[in-house]
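Trainee: Okay, here's the prediction I keep looking at, along with the sequence it came from:
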Number of protein chains: 2
Amino acid sequence: MGADVGNAPLAIVAGDGDLPRLLAEECARIGRDYVVVLFAGFSPDWVTNRPVIEAEFEKPARMFKALKKGGFGHVAFAGGMQRPQLRWTKFDLKFWSLAPKLLPAMKSGDDVTLRTITAIFEAEGMEVIGAHDVLESLLAPSGIQTVAKITKADWVDIKRGLDIAQASGRMDVGQGAVVAQGICLGVESIQGTDAMLGFVADTGDRFRLDPKGSKGVLCKVPKPGQDWRVDLPSIGVGTMVSAAKAGLAGVAVQAGGVLVLGLEETVAKADELGLFLVGVARDDEASE
Amino acid sequence: MGADVGNAPLAIVAGDGDLPRLLAEECARIGRDYVVVLFAGFSPDWVTNRPVIEAEFEKPARMFKALKKGGFGHVAFAGGMQRPQLRWTKFDLKFWSLAPKLLPAMKSGDDVTLRTITAIFEAEGMEVIGAHDVLESLLAPSGIQTVAKITKADWVDIKRGLDIAQASGRMDVGQGAVVAQGICLGVESIQGTDAMLGFVADTGDRFRLDPKGSKGVLCKVPKPGQDWRVDLPSIGVGTMVSAAKAGLAGVAVQAGGVLVLGLEETVAKADELGLFLVGVARDDEASE
């Protein structure tokens, strides 16, 4: 846990997946005051009986007022969130003042959007922290985590997959790629990892030419130069299931640069499916 | 037509699609001696009544002998070809002598494979030429070719799509990308353009957030630094049909760097579907 973060009241801006739930559970466990910010009618099951602020993208003034009133000076963005379809008829004055910065940013890729939203929260006097500042154990450890071992051919795929994922991140396209037998079978775009793995499951078979060759690997790395407080890539139990469906041998992530949502369960699922999971130490700009 | 190529007898190594047929037709039209080389039982409809050499990947000696006997000193690779599944029990002596170079290359991406195969033909004393040396009119012209016009928002997508396709090419991943409303909806990998457009058709709708925003564009560029004699990207009538199915507004290619297989029919199909087709002049390394 970051020393500078301490136990200050935390607003968790909740997106998809398990990450916001894990953060809320961690806050509850250690007795940290927190609130879950839910945008635009989003209401996942796990928020029942948790403190919540309902917010609208078009009305940031109301949200900032509620956060200030509750004494929430820190905010963590957790989980993927679709770019909102904004209804300008609902904009409050605050939104109109933010629009000249925010709207162009939203057309320039994930990274720019998130950096702009971060800047907006900071302009309101809030401190933006990363999910891994709250829960350091979320960061992928280094080394092989599973029973399944990694062959020499797998390592060739891993190296190339990490390089491609990184190049893709540098273009603000995505954070993942699939490589089998040295050949790229998929590059993640806005649809996310599961959609890419579905594409590989549907189309990848006939491009693994050697029936005895490597089955392929899903590789994930953070975007070079990205703000790690927001939008770190993540994997979990579901990733292992999708990777298995895509016929892969395993999953490789940048150690310390990817969130593993439930390491124990994720490794257990990988073991059950016969997949490997490895954290690879990697210079963020290694293949520049 | 390249002046150095002249009318020397030409071997057309035939892959998928329309390109090998167009080359054969052009040779027949201008009275140039030619032969179509078909690998591993591949036998498209259009070769009926055309001169053919049947070849096996594992037996290059036999093929080179037939080419020499026919006086074919020039070769053009035309159309995509899947990486062969090699049966080593069939290798001839020539293949065994090539294997140490060829087999590792085949695991390093398209570009390396093709460069190696080119080198092998050259080592046999053959000159490798590009399809566009035979048929210069195949190269995409510059400017808007269609009735459909291009909006300012389309141009933003085009710029970003060409940049992403180029970055992907630099990694030897692919030569195409789809961008809509500034967001990347697809990066081409080994499965090719049609598979990527199918993916976008299936998954892209909910990521075009502004119903009045740009519908998106397919962008194709040659790989930076690639050997233009082989593996130039191509588009044709089918590309327009797939782009329309993916809900796109049009197609943008690097002028002079992408083959258009049947410009007239391709533009007619684009006009019929209301798509734009544009050739964009572009420095090969513009976004380095």
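Mentor: Great, that's in hand.

Trainee: so A:G70 touches A:V37, yeah?
Mentor: No - look at A:G70 against A:V37 with CB atoms under 8 Å: they stay out of range, at 10.4 Å. In this view, the C-beta of every residue, glycine as well, is placed from N, C-alpha and C.

Trainee: In contact with A:R115, which residues?
Mentor: A:R115 makes contacts with A:105, A:227, as judged by CB atoms under 8 Å, 6 or more residues apart in numbering or on different chains.

Trainee: what about it, helix or strand, and which?
Mentor: helix A:110-123 (DSSP states H and E).

Trainee: So which bits of that helix are buried?
Mentor: Across helix A:110-123, burial judged by 16 or more other CB atoms under 10 Å in any protein chain shown covers A:110-111, A:113-121.

Trainee: pLDDT on stretch A:30-47, on average?
Mentor: The pLDDT scores in stretch A:30-47 average 89.

Trainee: Can you tell me what sits against that stretch?
Mentor: A:7, A:9-14, A:20-21, A:23-24, A:26-28, A:50-57, A:63, A:67, A:70-72, A:75, A:81, A:84.

Trainee: ok, of those, which come out buried?
Mentor: Counted by 16+ other CB under 10 Å, the contacts of stretch A:30-47 give A:10-14, A:20-21, A:23-24, A:26-27, A:50, A:52-53, A:55-57, A:63, A:67, A:72, A:75, A:81 as buried.

Trainee: tell me, what's touching A:G70 and A:V37 both at once?
Mentor: A:11, A:53.

Trainee: Mind pulling up the pLDDT for the spatially most central residue of chain A?
Mentor: With distances taken as CA atoms, centre = their mean, A:P233 lies nearest the centre of chain A, 3.3 Å away. Looking at A:P233, its pLDDT is 89.

Trainee: That one and A:M106, how far apart?
Mentor: 20 Å (CB to CB, to the nearest Å).

Trainee: Please list the residues of the stretch 101-250 of chain A that sit near chain B.
Mentor: A:106-109, A:156, A:163-164, A:167-168, A:170-171, A:173-174, A:177, A:181-187, A:189-191, A:195, A:199, A:203-204, A:206-207, A:209-211 (CB under 8 Å from any CB of the partner chain).

Trainee: do that again at 6 Å, thanks
Mentor: Within the stretch 101-250 of chain A, the positions near chain B by CB under 6 Å from any CB of the partner chain are A:107-108, A:164, A:167, A:171, A:173, A:182-187, A:189-191, A:195, A:199, A:203, A:207, A:209.

Trainee: Could you break chain A into its assigned domains?
Mentor: Using automatic domain parsing, the domain ranges for chain A come out as A:10-131, A:139-280.

Trainee: sorry, back to before: go through the helix or strand following the helix holding A:R115 and flag the buried ones.
Mentor: Under the assignment DSSP H and E, the closest C-terminal helix or strand after helix A:110-123 is strand A:127-129. Within strand A:127-129, the residues that qualify as buried are A:128-129, counting by 16+ other CB under 10 Å.

Trainee: Would you check the distance separating the helix or strand that strand A:127-129 is followed by from the middle of the chain?
Mentor: Next in sequence after strand A:127-129, counting helices and strands by DSSP H and E, comes helix A:131-134. Remark: helix A:131-134 is offset 12 Å from the chain centroid, using CA atoms, centre = their mean, to the nearest Å.

Trainee: on that earlier part again, could you list which of the residues of the stretch 101-250 of chain A next to chain B belong to helices?
Mentor: Among these, the ones falling in helices (DSSP state H) are A:164, A:167, A:195, A:199, A:203.

Trainee: From the domains of chain A, pick the one with the highest average neighbour count.
Mentor: domain A:139-280 (a mean of 22; mean count of other CB atoms under 10 Å in any protein chain shown).

Trainee: Could you tell me the end-to-end distance of that one?
Mentor: 12 Å (CA to CA, to the nearest Å).

Trainee: same check, this time on stretch A:79-95
Mentor: OK, stretch A:79-95 end separation, CA to CA: 23 Å.

Trainee: surely A:R229 meets A:D133?
Mentor: No - using CB atoms under 6 Å, A:R229 is not in contact with A:D133; the gap is 7.5 Å.

Trainee: related to what we said a few turns ago, which members of the ones in helices among the residues of the stretch 101-250 of chain A next to chain B are the farthest-apart pair?
Mentor: Using CB to CB, the two most remote members of those are A:A167 and A:T203, lying 21.3 Å apart.

Trainee: where exactly do the helices run in the stretch 1-150 of chain A?
Mentor: A:19-30, A:60-69, A:93-105, A:110-123, A:131-134 (DSSP state H, counting those that start in this stretch).

Trainee: average model confidence for the last one?
Mentor: Confidence over helix A:131-134 (mean pLDDT, whole number) is 86.

Trainee: which stretches of the stretch 151-288 of chain A have low pLDDT?
Mentor: A:228, A:284-288 (pLDDT under 70).

Trainee: Could you pull out the helices in it for me?
Mentor: A:152-170, A:193-203, A:237-245, A:263-273.

Trainee: Any idea which of those helices gets closest to B:V221?
Mentor: The nearest among the helices of the stretch 151-288 of chain A, by CB to CB, is helix A:152-170 at 15.2 Å.

Trainee: Need the CA coordinates for the closest one. CSV is fine.
Mentor: C-alpha atoms of helix A:152-170 as CSV (Å, rounded to 0.1, in the frame of the first residue of the first chain):
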residue,chain,number,x,y,z
LYS,A,152,11.2,-23.2,-25.7
ALA,A,153,8.7,-22.6,-28.5
ASP,A,154,6.3,-21.0,-26.1
TRP,A,155,9.0,-18.6,-25.0
VAL,A,156,9.5,-17.5,-28.7
ASP,A,157,5.7,-16.8,-28.8
ILE,A,158,5.9,-15.0,-25.5
LYS,A,159,8.7,-12.7,-26.5
ARG,A,160,7.0,-11.8,-29.8
GLY,A,161,3.5,-11.4,-28.2
LEU,A,162,4.8,-9.0,-25.6
ASP,A,163,6.6,-7.0,-28.2
ILE,A,164,3.4,-6.8,-30.4
ALA,A,165,1.2,-5.9,-27.4
GLN,A,166,3.6,-3.2,-26.4
ALA,A,167,3.8,-1.7,-30.0
SER,A,168,0.0,-1.8,-30.0
GLY,A,169,-0.1,0.0,-26.7
ARG,A,170,2.2,2.6,-28.0
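
Trainee: Remind me what that helix packs against, helices and strands.
Mentor: Packing partners of helix A:152-170 (3 or more CB pairs under 6 Å, 6 or more residues apart in numbering or on different chains; DSSP states H and E): strand A:176-180, strand A:217-220.

Trainee: who wins for proximity to B:Q254 among those strands?
Mentor: strand A:176-180 (23.7 Å).

Trainee: what sits up against the closest one?
Mentor: A:157, A:160-161, A:164-165, A:185-188, A:193, A:200, A:208, A:214, A:216, A:218-220 (CB atoms under 6 Å, 6 or more residues apart in numbering or on different chains).

Trainee: Can you list the strands that it pairs with?
Mentor: strand A:183-187 (antiparallel), strand A:217-220 (antiparallel) (DSSP bridges).

Trainee: can I get those strands in TSV with distance to A:F91?
Mentor: Formatted as TSV, the strands paired with strand A:176-180 follow (distance: least, CB to CB, whole Å):
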stretch	distance to A:F91
strand A:183-187	36
strand A:217-220	36
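
Trainee: B:G274: which of the ones you listed is closest?
Mentor: strand A:183-187 (28.8 Å).

Trainee: Run the angle between that closest one and helix B:193-203 for me.
Mentor: Angle, strand A:183-187 to helix B:193-203, by axes from the mean of the first three to the mean of the last three CA atoms, to 10 degrees: 30 degrees.
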